[in-house]
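In: Build me a model:
(chains A and B)
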Amino acid sequence: MRLDGGFSRSRERRWRSLHDLDVPRRPSRALLVALVLASVSLITLDHQGGADSPVEPVRSAVGAVFGPLESGTAAVIRPIAAIPGWFRSHDSLRAELSALEAENAELRSEVATSGYDRNRLEEYDGLTVAAENLGFALVPARVVAVGSSQAFSRTVTIDAGSDAGIRPDQTVLNNDGLVGRVLRTTRTTATVLLIIDTGSTVGGRVGGSMAMGFLEGRGDVGDSGLLDLELVDRAEVPAKHDVVVTWGSDGGAPYVSGVPVGRVTNVFSSIRETSQRAVIEPFVDFGALDLVGVVVPSGTRSDRAVIEADGSLR
Amino acid sequence: MTLTRVLTAVAAIVVALVLQVTVFPHVAWQGIVPNLVLLVVVAAALTRGPEFAAVIGFVGGVALDLAPPADHVAGRWALALVLVGYLAGRLRQGQKPTTTTVVLTVAGASFVGSSVFALTGVLLDDPGLDVGGLLTVVLVAVLWDVLLTPFVLPPLMGMFRKLEPEQRVLV
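Out: The predicted structure is shown next:
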């Protein structure tokens, strides 16, 4: 035994010098075990802690370092990323124009055929939106970093944080519709949970029937994330192409009411489940998010111009 | 020298992480981007061995877990990249990395890393994707990482190799 061991060791030494290896032959198992244990305890700490986990302060400290770096890099990259747009040919623009015209005509006919009920509801909706909107203002921000699909969660970083008056659980939207809600903030950045994340639930209301339900991210791979709408009233059947808006929560947190979310593309009901399910296609293109607005209480102190409910800049 | 080495590795991780979340989303396919931090860990493993790579994997993983857009349970990427660093370091021991072994190591490391991350999500009941979606994401990520290998690995490995020339003299 001892002889054998000595032999292999000496052979090893010769072999190492021959091949000029610069790492020890036997890596320490203890280090691996220590690092794995450290990772596992970090997972346990964060998982058990939930919202007030001890990892949260570390997260915001790391965020304070990486946030400005991400904002800076995004600002440098933005003009470069726009370059392919300059080289688009006349033909492709013309094709896009005709496609948009066709879509416009289709939308117009849709609006025209939806009738009296629809118009009446739209008026009500407009009224509630206006009433709810009083007392809210928008902080404009740009998306600077996007979480990868490998992380299996859909989150983005925006370049406005607590200095701009943003707090957790505020609504984020853009000019197409609802984007998500603020999860956490640092001084200069905020992390936003997109509504297409599987962990996101939004109270939704079907525009055509005022039926209420819950919207959940389906977690599909890709930019065109879809949402599942589950209606509270099982007798309700949402119509195809119906618009879904947010239902809103008390005090506008995390979602203010009346923000358009998406359009019903498919409806199905199962016998086992007690409610109707509909598939919603969001209005927002999550593959090309850039300028967004965060809904803040009116009169919030901010380090940038705030768009008030009546459209004025402050 | 050790301090310089660690600082350079940390700088490489920071640059990789920032590029991964700000630049690559512009060219991402279905939101899947190359995992540059993992490439840094593999480069460390191929040049400096499993111990250094495991430590770098832990640091890079914790950064991936905590830096802004991330919202998953912290420690999941750390665990995945510690294992990736250690295994990639063990694999290469005894031979000088050739082009083929580097590419194969990157592919294997990417597959193991993304899979370990996905599996911890399943264990923690993190609402994620179905099995088909998981596999798609993992395989596309492997493709991305292999695609970037010729551009990212040689400079990184050169950097890690240059950082400690006196150890060669000692042997």
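
In: Is any residue of the strand or helix carrying B:Val10 near chain A?
Out: Take DSSP states H and E as the rule and B:Val10 turns out to sit in helix B:2-22. Yes - using Cβ under 8 Å from any Cβ of the partner chain, helix B:2-22 reaches chain A at B:14, B:17-22. (Each C-beta comes from the backbone N, C-alpha and C, glycine too.)

In: nearest residue to B:Arg76 other than its sequence neighbours?
Out: Closest residue in space to B:Arg76, ignoring its immediate chain neighbours: B:Thr120 at 4.6 Å, by Cβ to Cβ, 6 or more residues apart in numbering or on different chains.

In: quick one: contacts for the residue nearest the centre of chain B?
Out: In chain B, the residue lying closest to the centroid (Cα atoms, centre = their mean) is B:Leu38, at 1.1 Å. Applying Cβ atoms under 8 Å, 6 or more residues apart in numbering or on different chains, we find B:Leu38 in contact with B:60, B:81, B:84, B:109-110, B:113, B:145.

In: quick one: the helices in chain A?
Out: A:2-19, A:29-49, A:55-81, A:83-86, A:90-113, A:115-133 (DSSP state H).

In: Show the pLDDT at A:Ala102.
Out: Note on A:Ala102: pLDDT of 79.

In: Also A:Leu21?
Out: On the pLDDT scale, A:Leu21 is placed at 47.

In: now B:Leu147
Out: On the pLDDT scale, B:Leu147 gets 90.

In: cool, B:Leu139 as well?
Out: Looking at B:Leu139, its pLDDT is 90.

In: Could you list the low-pLDDT ranges of chain B?
Out: Applying pLDDT under 70 to chain B flags residues B:1, B:92-95, B:126-129, B:164-171.

In: and A:Asp228, bridged to which residues?
Out: Applying DSSP bridges to A:Asp228 gives these bridge partners: A:Glu216, A:Val279.

In: How many residues are close by it?
Out: A:Asp228: 16 surrounding residues under other Cβ atoms under 10 Å in any protein chain shown.

In: Quick one: residues contacting it.
Out: Neighbouring residues of A:Asp228 by Cβ under 8 Å, 6+ apart: A:215-218, A:277-280.

In: just B:Val103 next, same as before
Out: B:146, B:149.

In: Okay, and the beta partners of B:Trp29?
Out: Under the criterion used here (DSSP bridges), B:Trp29 is bridged to B:Ile32.

In: Pretty sure it sits against B:Ala141.
Out: No - with contact defined as Cβ atoms under 8 Å, B:Trp29 does not reach B:Ala141; the gap is 10.0 Å.

In: Comparing these two, which shows the higher neighbour count?
Out: More crowded of B:Trp29 and B:Ala141, by other Cβ under 10 Å: B:Ala141, with 24 against 13.

In: and the helix or strand hosting the more buried one, how far from the chain's centre?
Out: Element membership for B:Ala141, per DSSP H and E: helix B:131-162. Mean-position distance between helix B:131-162 and its chain equals 8 Å (Cα atoms, centre = their mean, to the nearest Å).

In: Just list what it packs against, helices and strands only.
Out: Judged by 3 or more Cβ pairs under 8 Å, 6 or more residues apart in numbering or on different chains; DSSP states H and E, the packing partners of helix B:131-162 are helix B:2-22, helix B:36-48, helix B:99-123.

In: center of chain A - which residue?
Out: In chain A, the residue lying closest to the centroid (Cα atoms, centre = their mean) is A:Leu194, at 1.7 Å.

In: Spit out the contact partners of that residue.
Out: Applying Cβ under 8 Å, 6+ apart, the residues near A:Leu194 are A:154-156, A:179-180, A:200, A:217, A:225, A:286.

In: what do you get for A:Ile158?
Out: Neighbour list for A:Ile158: A:141-144, A:172, A:189-190, A:192, A:292, A:294 [criterion: Cβ under 8 Å, 6+ apart].

In: Can you sort out which of the residues you listed also neighbour chain B?
Out: Here is what survives when the contacts of A:Ile158 are matched to chain B using Cβ under 8 Å from any Cβ: A:144, A:189.

In: pLDDT weak spots in chain A?
Out: For chain A, applying pLDDT under 70 flags the ranges A:1-27, A:85, A:88-89, A:109-135, A:208, A:219-224, A:250-252, A:269-276, A:309-314.

In: what about the closest residue to B:Val27 other than its chain neighbours, how many residues close to it?
Out: Setting aside the residues directly before and after it, B:Val27 is nearest to B:Val33 in space (Cβ to Cβ, 6+ apart), at 8.0 Å. When neighbours are counted by other Cβ under 10 Å, B:Val33 registers 25.

In: my read: B:Val33 touches B:Leu19, true?
Out: No - assessed by Cβ under 8 Å, B:Val33 is found out of contact with B:Leu19, at 9.3 Å.

In: rewinding a little: most neighbours among the residues of helix B:2-22 next to chain A, please name it.
Out: Neighbour-wise, the residues of helix B:2-22 next to chain A (other Cβ under 10 Å) top out at B:Val21, 29 neighbours.

In: contacting residues around that one?
Out: Per Cβ under 8 Å, 6+ apart, neighbours of B:Val21: A:70, A:145-148, A:157, B:67-69.

In: Make TSV from the contacts of A:Ile158 and add distance to A:Leu35 and neighbour count to it.
Out: As requested, those are exported to TSV (distance: Cβ to Cβ, whole Å; neighbours: other Cβ atoms under 10 Å in any protein chain shown):
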residue	distance to A:Leu35	neighbour count
A:Ala141	37	23
A:Arg142	37	16
A:Val143	34	22
A:Val144	31	30
A:Val172	37	30
A:Thr189	29	30
A:Ala190	31	28
A:Val192	32	31
A:Val292	38	22
A:Val294	38	28
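
In: I'd like the contacts of A:Ile158 laid out as JSON lines, including distance to A:Arg234.
Out: Shown next, in JSON lines, are the contacts of A:Ile158 (distance: Cβ to Cβ, whole Å):
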{"residue": "A:Ala141", "distance to A:Arg234": "40"}
{"residue": "A:Arg142", "distance to A:Arg234": "42"}
{"residue": "A:Val143", "distance to A:Arg234": "38"}
{"residue": "A:Val144", "distance to A:Arg234": "43"}
{"residue": "A:Val172", "distance to A:Arg234": "31"}
{"residue": "A:Thr189", "distance to A:Arg234": "42"}
{"residue": "A:Ala190", "distance to A:Arg234": "38"}
{"residue": "A:Val192", "distance to A:Arg234": "33"}
{"residue": "A:Val292", "distance to A:Arg234": "35"}
{"residue": "A:Val294", "distance to A:Arg234": "35"}
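
In: just curious, which of the contacts of A:Ile158 is nearest to B:Val55?
Out: The nearest member of these to B:Val55, counting by Cβ to Cβ, is A:Thr189 at 28.1 Å.

In: which residue packs closest to the closest one, ignoring adjacent ones?
Out: With sequence-adjacent residues excluded and distances taken as Cβ to Cβ, 6+ apart, A:Thr189 is closest to A:Gly67, at 3.4 Å.

In: now swap in A:Thr171 and tell me
Out: The shortest distance from A:Thr171 to any non-neighbouring residue, by Cβ to Cβ, 6+ apart, is to A:Val295 (4.2 Å).

In: For beta bridges, what are the partners of that neighbour?
Out: With DSSP bridges as the criterion, A:Val295 is bridged to A:Leu138.
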